[in-house]
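>>> next one to model:
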Amino acid sequence: MAVTRIYVGHTNTRQKLLAVGLLGVMMVFGFVGASVIGPGIYKSRMSELDLSPGSVGSRADGSVPVVSTLEEIEQGKKFVLKNEEFGDWTKNSGNLIGDIYYSKIPLEDGTVIAARINFEAEDTEYVQEDGSISLNTDHEIVTYPVGVLRPWPNETDPEEARAADWITYTDGYLDMEGDFGRELPELEEIKEDIMLIALAAGLVSGLAATTVIDLRCRKKEELASTPQNDQERWILGTYAIWAQFFGQLNYKGKLASPNSVYSPLYLGGKPKDEDSRKFTVKVLKRDWDIKNREDLLETVEYMSRGTGFWDCETQSDRAWELCRSTQLLGMGYIAGWLTKEELTKRSSVVGNIIQRTFADWEELNQSYLEAYARWRSQASPDNDGTAVAMRRRIYQNLCSRKDSPYRLPWMLPLGTDGARMEPVKEKAGEV
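Numbering: from 1, shown residues only. Next up is the predicted model:
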């Protein structure tokens with residue numbers, strides 16, 4: 001049977017620490033993304049571009065020959081086209097071939113050719129006429145960026161080039177743009193994008209890591225208070241009715257499900273975690289006036305081997321004292337006041353007294369339930385019996401469970417104390 005514990009609106013200490021850890025992981029991922037990965041990607045992308053002096057699309061620097069005719073261009077090497085141009089040809093400066101826009105350049109030999117140009121690297125010299133410099137585009141000498149003659153980039157472009165009526169050369173185009181025509185990477189934009197991706201990666205990996213850590217811690221905490229052998233299961237059986245009820249209380253002391261009578265079987269009724277420790281300490285102080293280990297052990301001694309036990313007149317009184325003694329020892333373990341070894345040793349001493357005082361599990365539990373009903377009626381005279389009925393349903397559920405401690409032999413060896421056993425037998429025989 002699955003049990004779900006719901007703590008609405010509550011975050012425990014470990015979850016807070018894990019949240020801080022998650023934030024730290026995200027910050028580290030974001031920092032690495034922005035400071036290392038982003039610049040690395042920028043550098044890699046820039047290394048794929050040829051933007052150096054003398055590269056295609058760069059400004060003429062004398063490193064490649066100057067040409068002015070198609071014949072010189074068709075030599076197949078890089079060149080700088082220096083072209084004298086007339087008229088306001090910008091009114092028909094180019095057009096699309098395929099999906100790419102090309103500029104139109106009329107060469108000095110009459111050839112009209114398509115070109116892609118890095119205009120930022122273009123130099124224009126206005127020709128002097130009648131002793132003055134023309135301020136329009138009627139007559140100018142243009143020195144274009146470094147270029148090379150290339151074939152059309154797409155398979156369908158040659159057909160469209162042959163159909164174009166604004167060029168005369170259709171076997172290729174002049175590339176005077178090179179990598180300068182590509183959209184250059186922006187370092188800050190790349191850093192920002194990678195940082196966001198890294199933050200997301202940090203969130204995912206951090207959530208995965210914190211979830212695993214939290215689950216492992218919970219498993220460890222649950223295992224720490226889960227009985228590991230028959231002796232521990234038997235001891236838990238002496239206060240299992242209370243433990244089942246206590247295990248269903250949330251950190252505020254409220255029942256998560258008022259109608260539920262099932263919870264995992266834990267020593268002390270709770271997993272050994274921070275929430276359970278704080279809550280158990282709170283209950284011990286509030287309901288028992290027990291503030292520390294010494295108070296706890298003194299109370300257990302009084303109830304199990306002192307006046308609290310010896311003054312009992314009925315079996316229900318004895319069950320009430322003894323079952324609550326092992327209950328307190330379990331709570332002391334969850335509170336962090338007792339080690340597992342101390343819990344087992346001290347609880348076994350009380351367990352031996354219980355074994356010699358009662359005939360079996362049935363007598364012990366029925367006596368305890370009788371005492372609880374009496375205590376409840378005295379503590380809350382106006383109660384409607386709901387709490388008592390719930391404890392009885394818990395007992396019935398425990399009896400039917402496969403992991404029920406009541407399936408263990410009543411006289412399971414727990415370790416004996418001969419000096420103590422005889423007085424217990426004598427007292428039990430007087431009743």
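>>> for the rest of this, base every contact and every neighbour count on C-alpha atoms.
Will do.
>>> give me the buried positions along the host helix or strand of Ser348.
When elements are assigned from DSSP states H and E, Ser348 belongs to helix 340-357. Across helix 340-357, burial judged by 16 or more other C-alpha atoms under 10 Å covers 340, 343-344, 346-357.
>>> for the helix or strand just after that helix, the distance to its chain's centre please.
Next helix or strand after helix 340-357 toward the C-terminus (DSSP H and E): helix 361-379. The chain centre lies 47 Å from the centre of helix 361-379; the measure is C-alpha atoms, centre = their mean, to the nearest Å.
>>> which residues touch helix 361-379?
With C-alpha atoms under 8 Å, 6 or more residues apart in numbering as the test, helix 361-379 has contacts from 238, 315-317, 319-320, 323, 358, 383, 388, 391-392, 395, 406, 410.
>>> tilt between that helix and helix 340-357?
For helix 361-379 against helix 340-357, the angle by axes from the mean of the first three to the mean of the last three C-alpha atoms, to 10 degrees is 100 degrees.
>>> any regions of the stretch 1-150 of the chain where pLDDT drops low?
Within the stretch 1-150 of the chain, the stretches with pLDDT under 70 are 1-11, 87-92, 128-138.
>>> re the thing from before, do me a favour and average the pLDDT over the helix holding Ser348.
Per-residue pLDDT over helix 340-357 has a mean of 96.
>>> packing partners of that helix?
Judged by 3 or more C-alpha pairs under 8 Å, 6 or more residues apart in numbering; DSSP states H and E, helix 340-357 is in contact with helix 230-237, helix 315-335, helix 418-430.
>>> the inter-axis angle of the longest one versus helix 230-237?
Right, the one you point to is helix 315-335. 120 degrees.
>>> what's the span of stretch 304-314 from first residue to last?
14 Å (C-alpha to C-alpha, to the nearest Å).
>>> show me what counts as buried in it.
Quick answer for stretch 304-314 (16+ other C-alpha under 10 Å): 304-305, 308-309.
>>> gap between the helix holding Ser348 and the chain center?
How far helix 340-357 lies from its chain's middle: 43 Å, per C-alpha atoms, centre = their mean.
>>> what ranges do the strands span in the stretch 151-300 of the chain?
Listed in chain order, the strands of the stretch 151-300 of the chain (DSSP state E, counting those that start in this stretch) span 173-176.
>>> please enumerate the helices of it.
Listed in chain order, the helices of the stretch 151-300 of the chain (DSSP state H, counting those that start in this stretch) span 157-163, 187-224, 230-237, 240-246, 274-288, 293-305.
>>> spatially central residue in the chain, please.
With distances taken as C-alpha atoms, centre = their mean, Leu207 lies nearest the centre of the chain, 0.7 Å away.
>>> just give the number of residues close to the nearest residue to Ser276 once chain neighbours are set aside.
Once flanking residues are discounted, Ser276 sits nearest to Lys270: 6.0 Å by C-alpha to C-alpha, 6 or more residues apart in numbering. Using other C-alpha atoms under 10 Å, Lys270 has 29 other residues around it.
>>> same deal with Ala371?
When neighbours are counted by other C-alpha under 10 Å, Ala371 registers 19.
>>> and the residue nearest to the centre of the chain, what pLDDT?
84.
>>> now name the helix or strand holding the closest residue to it other than its chain neighbours.
Of all residues not flanking Leu207 in the chain, Leu22 sits nearest, at 6.7 Å (C-alpha to C-alpha, 6+ apart). Assigning secondary structure by DSSP H and E places Leu22 in helix 13-32.
>>> that helix versus helix 274-288: what angle between them?
Using the same axes, to 10 degrees: helix 13-32 against helix 274-288 is 150 degrees.
>>> contacts for helix 13-32 next, please.
Here helix 13-32 makes contact (C-alpha under 8 Å, 6+ apart) with 194-196, 198-203, 206-207, 210, 214, 274-275.
>>> any of those residues buried? List them.
Those of the contacts of helix 13-32 that meet the buried threshold are 194-196, 198-199, 201-203, 206-207, 210, 274-275, by 16+ other C-alpha under 10 Å.
>>> is it possible to get a markdown table of those residues that adds distance to Pro158?
Formatted as a markdown table, those follow (distance: C-alpha to C-alpha, whole Å):
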| residue | distance to Pro158 |
| --- | --- |
| Ile194 | 41 |
| Met195 | 44 |
| Leu196 | 44 |
| Ala198 | 45 |
| Leu199 | 48 |
| Ala201 | 47 |
| Gly202 | 50 |
| Leu203 | 51 |
| Gly206 | 55 |
| Leu207 | 56 |
| Thr210 | 60 |
| Glu274 | 77 |
| Asp275 | 77 |
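>>> re earlier: distance-wise, check the residue nearest to the centre of the chain relative to Val28.
The spacing between Leu207 and Val28, counted by C-alpha to C-alpha, is 14 Å.
>>> tell me what Arg150 is bridged to.
Taking DSSP bridges as the rule, Arg150 bridges to Tyr173.
>>> wait, Glu84 touches Tyr126, no?
No - using C-alpha atoms under 8 Å, Glu84 makes no contact with Tyr126, being 9.9 Å away.
>>> can you list residues touching both of the two?
What both Glu84 and Tyr126 touch, as defined by C-alpha under 8 Å, 6+ apart, is the set 139-141.
>>> pick the one among the residues you listed closest to Glu72.
Proximity of those to Glu72 (C-alpha to C-alpha) peaks at Ile141, which lies at 17.8 Å.
>>> make sure I have this right: the closest one is in a strand.
Yes - looking at Ile141 with DSSP: H, G, I helix; E, B strand; the rest coil, it is inside a strand.
>>> ok, it - how many residues close by?
Ile141 has 16 nearby residues by other C-alpha under 10 Å.
>>> what sits closest to it if chain neighbours are left out?
Spatial nearest neighbour of Ile141, chain neighbours left out: Glu84 (4.3 Å); criterion: C-alpha to C-alpha, 6+ apart.
>>> any idea which element that neighbour lies in?
strand 79-86.
>>> helix or strand next in line after that strand, which one?
Next along from strand 79-86, by DSSP H and E: strand 94-97.
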